[in-house]
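1. With the input below, show me the fold.
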Amino acid sequence: MSKNRFLLLVALLTLSALRVNAQDLSSVEEDSVILRYTAKEVVIEAFKQNRNLSLQPVSASLISDGTIKENNLTNIKEISAFVPNLFIPDYGSKMTSPVYIRGIGAAKNAPSVGLYVDGVPYFDRSTFDFNIDDIERIEVLRGPQGTIYGRNTMGGIMNVYTKSPFSYRGTDINLSAGNYNTYQGGVSHYGVSGNQKIGYSLSGNYLHTGGYFQNKYKGERADPVNAVSTRARLSWRILPRLTANLIFAYEYSDQDGYPYRVYEKAAGTIEDINYNERSFYRRNMSSNGLNIEYVTNNFKLGSQTSFQYYDGKQGLDQDFSPESIYYVNFYQRQQMYSQEFNIKSIKEDTKYQWQFGIFGFHQNYAQNNDVNYHKLAKDSIQDIHNPTEGFAIYHQSTFRNIIDPGLSLVLGVRYDFEKTRNTLVRTALIEGKDPIVYPTVKDKTSFSQLIPKASLQYAFGHDGLGYFSVSRGYKTGGFNTTADDDKDCTFNPEYSWCYDLGFKSSFWNNLLSFDLAFFYIDWKNQQISQTKPSGQGFLLRNAGKSVSKGLEFSAQLNPLDNLSFQFSYGYTNAKFKDYKVNAKTDYTQKYLPMVPQNTVSLGAGYKINTGLSWLENISLHGQYVGTGKLYWNDKNDFSQPYYGIFNGKISFVKKNISVDLWAKNIGKKDYIVYYFTAMGSDFVQKGRPFTCGVNMNLKF
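-> Residues are numbered from 1 along each chain as shown. Next comes the predicted model:
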């Protein structure tokens, strides 16, 4: 379908939506916010949002703490199963977590999907993978969110919120044991002072996994993990209208090995994990935030101060073979500071609502790469220092009751400026010779962009919404630290225009609710990872134009108080519109890699009230998750066909004590979750096998 025809269809459907089921809303109170239930949880207001996601003109999904518990989710990657058109492949370690929404993502450089945890921005994809204990909810907004959220949110954004002691009280203890020598233990406490002005919380969690895959050469597990994490929160109602929240989070994780296998493309065979040198990844990460809010009858003024520290070290048998060919030591450190001020109107009964904000950050990034070429008795060392700072100002206006009481217009704009510097020092160590120190390479550049957004929305019925939005996507440029030619030292920003048409509604007192969205994305100046001319390593080039189009649908049915069904489906057709590597290689009309064409989730929950004094109820939860087909590279010569897995959980509950029996990948499905090339070879990682275990949860 051509772009013009698609836009014509969008316009016709939008006009139809404005006429169908429209009612005179003059009798409905403007400030009566209808809350949408997801897994029987209610959403509350956030730093930049006045209203529930179901009342906003954006394709979005919400994962509540109930959904997290019911489905035994332990890390951020597992939420992919509940969000249409979201794909987070399992890289095999926490060092990097590529995130794709609607086909927009990045495997090699800065993320194209934003992540905020309690208002703290996470800029580096090495920080994305963390445990989701003590989480209140996770919001996933699809489509460009740069107008409000800014930097590198071209694909969308994930907002994670932890529990507040003002809304949750008590002490929780949870213990878990599973196959593959997996153990987990956590404790958390939430309390308030006697005068209800100070709330506090503290939690700790420990996880040990013995590893899911065997290293044939060593005769031991390839991927054991130990991780310790803690969170603390202090909330203070300084005045009736003034509140402060101080948040601290720390995690240490230690992984010994990687489950990568050699893939023989010519024969189409996957080898056993079989490498001789010890591999590992260790990470220290601390994320901290101070949020201050002052609320009046007409507006809310907020301040968000953030600091994140990340320190990671990797040792990698790069050839993943029994021979000693390449070994890489990689060290990475980041300190990120940010400050944001936001002021917005909060009255829902006015025809005009507004929001202003200013944001600034400084990211100090350094890394050291040491590639050991065993057979050449040579080390190639790179020291890189890449500080970046930037600022942005943004505004959003909402005009309500335009012509018709249900018609509203949202206009937003953001100006984003960023400057970055890069210092590269290269050294070669050759056995028996003096070190070779190459001339230091220094460079600097800057980028700026105006990011607009417009949405037309129409409220119909009691809590229905139809909308059409146009938004600009933007991702900043940067440096290639390992470029062979001067022309490849930097790469420029990439841009997109995204068109959304969506409908949201619920029926019969929330018996049935659904969200439906269609999208079309025109993506230009695309940053594409390519193999260096030398054949060793990668670099980014602005080499492509792409189009991504599709739909998202999610629904929840609650026919009985103790019975619920959830369904979500995402379809993405993402292809290169223009991508010529050279005169002989043309990938135009090839599918974008790492983009599942279909994402499916079907879940059901049923609670049995036993009437017994020693057992109150039994809860049953089951889920089917489908993914694919997806291609792993630009050439489209290797793919993962569509596959589906089944998960289940049974909970036995007595007041504040529950025991859970859970299982994942019940059918023992064999599939690939990640693919990459390195040093001229192809490697894959298989998905986790059948796992099962038992949880015990106590609340005081």
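2. ok, now which ones touch Lys654?
-> If you count contacts by Cβ atoms under 8 Å, 6 or more residues apart in numbering, Lys654 has them with Trp614, Leu615, Glu616. All C-beta atoms are positioned from the backbone trio N, CA, C, and that covers glycine.
3. ok now do Ile292, which residues does it touch?
-> Leu242, Thr243, Ala244, Asn245, Gly302, Ser303.
4. Check what contacts stretch 172-184 and list those residues.
-> Counting by Cβ under 8 Å, 6+ apart, 74, 185-189, 205-212, 224, 691-700 sit against stretch 172-184.
5. That should have said stretch 219-230, apologies.
-> 92, 130-131, 133, 181, 202-215, 249-259, 273.
6. Pull out the buried residues from these.
-> The neighbour count (16 or more other Cβ atoms under 10 Å) marks 92, 130-131, 133, 202-205, 207, 209, 211-215, 249-251, 253, 255-259, 273 as buried among those.
7. Look up how far Tyr294 lies from the nearest residue to Pro493 once chain neighbours are set aside.
-> In space, and not counting its chain neighbours, Pro493 is closest to Gly477: 4.6 Å by Cβ to Cβ, 6 or more residues apart in numbering. Distance, Gly477 to Tyr294, by Cβ to Cβ, to the nearest Å: 37 Å.
8. Between those two, tell me which one has more neighbours.
-> Using other Cβ atoms under 10 Å, the more surrounded residue of Gly477 and Tyr294 is Gly477, with 20 against 16.
9. so who does the more buried one touch?
-> Thr445, Phe447, Thr490, Phe491, Asn492, Pro493, Gln527.
10. buried subset of those residues?
-> Buried among these (16+ other Cβ under 10 Å): Thr445, Phe447, Thr490, Phe491, Pro493, Gln527.
11. Can you flag which of those residues belong to strands?
-> Thr445, Phe447, Thr490, Phe491, Gln527 (DSSP state E).
12. So which of the residues you listed is the closest to Leu62?
-> Checking these against Leu62 with Cβ to Cβ, the nearest one is Gln527 at 30.3 Å.
13. Could you report the pLDDT at the closest one?
-> Looking at Gln527, its pLDDT stands at 90.
14. right, and it touches Ala106 too?
-> Yes. Using Cβ atoms under 8 Å, Gln527 is in contact with Ala106, at 7.0 Å.
15. Quick check: neighbours shared by the two?
-> In contact with both Gln527 and Ala106: Lys475, using Cβ under 8 Å, 6+ apart.
16. about what we covered before: just the buried ones from the contacts of Ile292?
-> With burial judged by 16+ other Cβ under 10 Å, the buried subset of the contacts of Ile292 is Thr243, Asn245, Gly302, Ser303.
17. Just the pLDDT at Phe361, thanks.
-> Looking at Phe361, its pLDDT reads 96.
18. And it, how far from Ser651?
-> If you go by Cβ to Cβ, the gap between Phe361 and Ser651 works out to 43 Å.
19. Is Asn372 in contact with Asp319, as I believe?
-> No. Counting by Cβ under 8 Å, Asn372 stays clear of Asp319, with 11.0 Å between them.
20. ok, back up a step: can you list the contacts of Gly477 in a markdown table and add distance to Phe391?
-> Converted to a markdown table, the contacts of Gly477 look like this (distance: Cβ to Cβ, whole Å):
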| residue | distance to Phe391 |
| --- | --- |
| Thr445 | 16 |
| Phe447 | 12 |
| Thr490 | 21 |
| Phe491 | 22 |
| Asn492 | 20 |
| Pro493 | 16 |
| Gln527 | 23 |
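21. from the residues you listed, which has minimum pLDDT?
-> Thr490 (86).
22. Would you mind measuring from that one to Ser126?
-> On the measure of Cβ to Cβ, Thr490 and Ser126 end up 22 Å apart.
23. Which parts of the stretch 1-150 of the chain are strands?
-> Ranges of strands in the stretch 1-150 of the chain, per DSSP state E, counting those that start in this stretch, are 37-38, 41-42, 59-64, 86-87, 100-101, 113-117, 120-122, 135-142.
24. Which one, of those, ends up nearest to Leu630?
-> strand 86-87 (7.6 Å).
25. on that earlier part again, name the nearest of the contacts of Lys654 relative to Asp404.
-> Glu616 (49.7 Å).
26. Do I have it right that that closest one meets Ser651?
-> No. Glu616 lies out of contact with Ser651 (Cβ under 8 Å); the separation is 10.7 Å.
27. In terms of helices and strands, where is the residue lying farthest from the centre of the chain?
-> Going by Cα atoms, centre = their mean, the residue of the chain most distant from its centre is Gly432, 47.7 Å out. Here Gly432, judged by DSSP states H and E, is contained in no helix and no strand.
28. Equivalent analysis for Leu301, please.
-> Residue-wise, Leu301 maps onto strand 299-316 under DSSP H and E.
29. what lines up beside that strand in the sheet?
-> Take DSSP bridges as the rule and strand 299-316 pairs in its sheet with strand 280-295 (antiparallel), strand 326-345 (antiparallel).
30. Give me the buried stretch members for it, please.
-> For strand 299-316, by 16+ other Cβ under 10 Å, it's 299-300, 302-316.
31. And that strand, how far out from the chain middle?
-> Its chain's average C-alpha position is 15 Å from that of strand 299-316, according to Cα atoms, centre = their mean, to the nearest Å.
32. residues in contact with the residue farthest from the centre of the chain?
-> Per Cβ under 8 Å, 6+ apart, neighbours of Gly432: Ala377.
33. roughly how far apart are it and Leu207?
-> Taking Cβ to Cβ, one finds Gly432 at 46 Å from Leu207.
34. same thing with Asn297?
-> 46 Å.
35. for Lys545, same thing?
-> Counting by Cβ to Cβ - Lys545 and Leu207 are separated by 43 Å.
36. go on, Thr610?
-> For Thr610, the distance to Leu207 - Cβ to Cβ - is 32 Å.
37. for Leu557, same thing?
-> 35 Å.
38. Please apply the same query to Gln196.
-> Gln196 is 34 Å from Leu207, by Cβ to Cβ.
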